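[1] Here is a sequence with its predicted model. Questions after.
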Amino acid sequence: MISIADITGVVLAGGKSKRMGTAKAKLLHNETSFLENILQILNIFQNNCISINQTQDKDVFFNNLATKYNATICVDKYNNIGPMGGLATILSSITTNYAFVCGCDMPFLTKDFLKSVMFDIITDCDTYDAYVLVSENGSEPLCSVYSKSCLSQIDECMSQNKYGLNYMLSKCNVNKIALPYNNNQFISNINTPSQYALAPIVAISGYKNSGKTTLMCNLVKYFRNKGLTVATIKHDGHSFDIDKNTDSNKHFLAGASCSVVYDDEKMQLTQHANNIYNIIGQIGNVDLIFIEGLKNSVFPKVEIKASYKDKSEIDQNTVIATVCQEIDNSSYCRNDVLGIANCIENFLERNNI
């Protein structure tokens with residue numbers, strides 16, 4: 001039997017977040033960063049730790065939260081081997097014999113849920129190398145408890161260039177803890193912009209005056225006629241001007257954190273924006289989000305060009321359709337709204353978005 005005092009709470013925040021395109025630890029959930037939400041929950045442990053990568057060591061965001069929640073910073077000693085490197089660094093650094101390890105991308109984790117899991121572990125009469133949660137999707141190694149005894153297996157796996165946590169766990173003495181029905185949502189990960197927004201996101205991208213706005217308006221009408229609620233975001237890469245003569249803008253320029261003008265049918269909000277992800281997080285319950293612009297983002301895109309022969313300015317791994325005036329067999333004509341919309345629908349369906 002182990003004691004709760006012998007477990008350090010650890011949040012892994014050093015991932016590359018390639019699919020999201022920005023640091024997930026800094027995304028907001030209920031106006032609080034993902035990382036701070038987790039740290040608030042981990043205070044059921046006497047000791048807490050934030051695991052970060054070597055490039056984050058000087059980032060005041062992590063250091064400020066560590067100070068606020070009396071957590072230690074643990075800088076990953078290993079590069080480019082995923083969470084196993086962070087786990088190895090953590091287990092060799094902590095003063096307790098066990099670590100509860102979770103990702104920073106689990107905004108639905110709750111203190112009551114974690115207390116319930118810890119109760120099952122500390123009341124178990126036997127001891128194990130690891131206590132691994134098992135959901136309907138299988139083992140959840142990034143929401144589990146690890147003993148220092150795992151270090152020998154971690155070292156062996158790393159010497160063989162085998163960095164999968166599930167593979168390492170197959171070599172250990174593991175107690176698998178089945179999650180009760182309907183509890184899987186507590187450990188859900190947010191890995192992509194569409195998961196974060198709770199709606200599919202598609203960018204309409206291309207050079208200036210290429211017809212992005214016209215195509216977006218036509219696509220909005222198409223999906224709206226199908227009964228979907230659609231939100232749009234326009235990115236201006238050159239800093240747009242707000243009408244300085246409006247009362248609401250005078251409020252904003254005077255120092256208001258946000259300014260709203262509304263009537264009985266509509267509203268317009270002006271506030272400081274720092275990145276696209278926090279804007280996405282403020283959008284309410286919709287079925288689909290279109291973004292005009294952001295050709296260098298990770299979002300799936302409809303690319304607009306004058307001719308299919310023109311050199312693309314966009315990473316083709318993110319392009320789901322190419323729209324041109326001069327087309328070939330693999331591109332769409334600009335006025336083929338049905339074809340473009342069907343391409344978007346097929347992409348979302350294939351990828352379960």
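    Yep, that arrived. Not measured: the values here are computed from a predicted model.
[2] what comes into contact with stretch 234-247?
    Here stretch 234-247 makes contact (CB atoms under 8 Å, 6 or more residues apart in numbering) with Asn249, Lys250, Phe252, Leu253, Val261, Thr270, Ile276, Ile291, Glu292, Gly293, Leu294. Using the backbone N, CA and C atoms, a C-beta is placed for each residue, glycine as well.
[3] could you flag which of those are buried?
    Neighbour counting by 16 or more other CB atoms under 10 Å classes Asn249, Phe252, Thr270, Ile276, Ile291, Glu292, Gly293, Leu294 among these as buried.
[4] what helix or strand is the fifth one on?
    Element membership for Ile291 (DSSP states H and E) is strand 288-292.
[5] buried ones in the helix or strand following that strand?
    Heading C-terminal from strand 288-292, the first helix or strand you meet, by DSSP H and E, is strand 301-307. Using 16+ other CB under 10 Å as the test for burial, strand 301-307 gives Lys301, Val302, Glu303, Ile304, Lys305.
[6] dump the residue contacts of Leu35.
    Val11, Ala13, Ala25, Lys26, Ile50, Phe61, Phe62, Leu65, Cys104.
[7] of those residues, closest to Met168?
    The closest of the contacts of Leu35 to Met168 turns out to be Val11 (CB to CB; 19.8 Å).
[8] Check for me that that closest one belongs to a helix.
    No - under DSSP: H, G, I helix; E, B strand; the rest coil, Val11 sits outside any helix and is assigned strand.
[9] Just list whatever residues bridge to it.
    Counting by DSSP bridges, Val11 is bridged to Ile50, Cys102.
[10] For it, give its distance to Cys102.
    6 Å (CB to CB, to the nearest Å).
[11] what stretches of the stretch 51-200 of the chain score poorly on pLDDT?
    Along the stretch 51-200 of the chain, the parts satisfying pLDDT under 70 run over 181-182.
[12] 90 - rerun?
    57-58, 79-80, 120, 122-127, 135-138, 179-186, 188, 192-199 (pLDDT under 90).
[13] Quick one: the helices in it, in order.
    With helices called from DSSP state H, counting those that start in this stretch, the stretch 51-200 of the chain shows them at 60-68, 83-93, 111-122, 151-159, 165-169, 193-197.
[14] would JSON lines of the ones you listed with distance to Ser205 be doable?
    Listed next are the helices of the stretch 51-200 of the chain as JSON lines, based on distance: least, CB to CB, whole Å:
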{"stretch": "helix 60-68", "distance to Ser205": "29"}
{"stretch": "helix 83-93", "distance to Ser205": "33"}
{"stretch": "helix 111-122", "distance to Ser205": "40"}
{"stretch": "helix 151-159", "distance to Ser205": "40"}
{"stretch": "helix 165-169", "distance to Ser205": "36"}
{"stretch": "helix 193-197", "distance to Ser205": "14"}
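[15] What score does the residue in the chain sticking out farthest from the centre have for pLDDT?
    Farthest-out residue of the chain from its mean C-alpha position, per CA atoms, centre = their mean: Asn245, at 38.6 Å. Per-residue pLDDT puts Asn245 at 73.
[16] which element is it on?
    In this assignment (DSSP H and E), Asn245 forms part of neither any helix nor any strand.
[17] what do you get for Leu39?
    helix 34-41.
[18] Between Val11 and Cys102, which is the more surrounded one?
    Val11 (29 against 22; other CB atoms under 10 Å).
[19] Could you measure from the more buried one over to Leu142?
    If you go by CB to CB, the gap between Val11 and Leu142 works out to 10 Å.
[20] any common contacting residues for the two?
    Jointly contacting Val11 and Leu142 under the rule CB under 8 Å, 6+ apart are Cys102, Gly103.
[21] And the helices in the stretch 251-353 of the chain, which stretches?
    Using DSSP H, counting those that start in this stretch, the helices of the stretch 251-353 of the chain run over 276-282, 337-350.
[22] closest to Asn218 out of these?
    The nearest among the helices of the stretch 251-353 of the chain, by CB to CB, is helix 337-350 at 4.5 Å.
[23] List the buried residues of the closest one.
    Val337, Ile340, Ala341, Cys343, Ile344, Phe347, Leu348.
[24] Surely Pro193 touches Ile279?
    No - the criterion here is CB atoms under 8 Å, and Pro193 misses it with Ile279 at 11.0 Å.
[25] between those two, who's got more neighbours?
    More neighbours surround Pro193 than the other of Pro193 and Ile279, with 26 against 16 (other CB under 10 Å).
[26] strand partners of the strand ranked longest in the chain, parallel vs antiparallel please.
    Taking DSSP state E as the criterion, the chain has its longest strand at strand 138-147. If you go by DSSP bridges, strand 138-147 pairs up with strand 98-103 (antiparallel), strand 130-135 (antiparallel).
[27] Pick the most deeply packed of those.
    strand 98-103 (a mean of 25; mean count of other CB atoms under 10 Å).
[28] Go ahead and name everything in contact with that one.
    Contacts of strand 98-103 with the rest of the structure, by CB under 8 Å, 6+ apart, involve 2, 6-12, 15, 38, 42, 45, 49, 83, 87, 90-91, 109, 114, 118, 142-148, 187, 189.
[29] go on, stretch 85-92?
    8, 10, 12, 14, 49, 51, 53, 74-79, 99, 101, 146-148, 150-151, 154-155, 158, 163, 165.
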